[in-house]
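Trainee: mind looking at a prediction? Sequence and model below.
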Amino acid sequence: MAPPKLACLAIALLIAAASAPVAVRASISCNQVVNNLVPCLNYVINGGPVPSNCCIGVQAVYNAARTTQDRQGVCNCLKSVINGSPISNAAANNAAALPSRCGVNLPYQISPYTDCRSVK
């Protein structure tokens, strides 16, 4: 059985994905973002080595977000997941470090304070 923190975060991810607004012309939905990043949950909660399937998911999200609208949608999705999750500061820091740990250069920081409208 999953640790309580991990189970709470998984539930929060599913709720955020289900309740996130669907972009009309986006090539990647919040559901797809969440599904691609589920392998990252253990790293975000506990730290340690980043699983290879997590980095595959991070890269898939990055590659799918081709337009400004897509990148802003991914940003808003990640922000809503972080804001809707009872995660610690350490877990938020792990989430923010994920792109660089996977060799992806995001044009913004994963943070509850990121202004996704500024993402180009």
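Mentor: Right, received. Where do you want to start? Numbers count the residues shown, from 1 in each chain.
Trainee: which residues does residue 60 contact?
Mentor: The neighbourhood of residue 60, defined by CB atoms under 8 Å, 6 or more residues apart in numbering, consists of residue 36. The way it works is simple: take the backbone N, C-alpha and C, and place the C-beta from them, glycine included.
Trainee: retrieve the pLDDT associated with it.
Mentor: On the pLDDT scale, residue 60 is placed at 96.
Trainee: now swap in residue 28 and tell me
Mentor: Per-residue pLDDT puts residue 28 at 89.
Trainee: check whether it sits in a helix, strand or coil.
Mentor: Here residue 28 is coil, with the state taken from DSSP: H, G, I helix; E, B strand; the rest coil.
Trainee: residues touching it, list them.
Mentor: 61, 64, 65, 70, 73, 74.
Trainee: want to throw the residues you listed into TSV with secondary structure, neighbour count and distance to residue 48?
Mentor: Listed next are the contacts of residue 28 as TSV, based on DSSP: H, G, I helix; E, B strand; the rest coil; neighbours: other CB atoms under 10 Å; distance: CB to CB, whole Å:
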residue	secondary structure	neighbour count	distance to residue 48
61	helix	23	21
64	helix	17	27
65	coil	23	27
70	helix	19	30
73	helix	25	30
74	helix	27	25
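Trainee: distance of the closest residue to residue 51 other than its chain neighbours from residue 79?
Mentor: Nearest residue to residue 51 in three dimensions, chain neighbours excluded: residue 39, at 5.6 Å (CB to CB, 6 or more residues apart in numbering). The gap separating residue 39 from residue 79 is 20 Å, by CB to CB, to the nearest Å.
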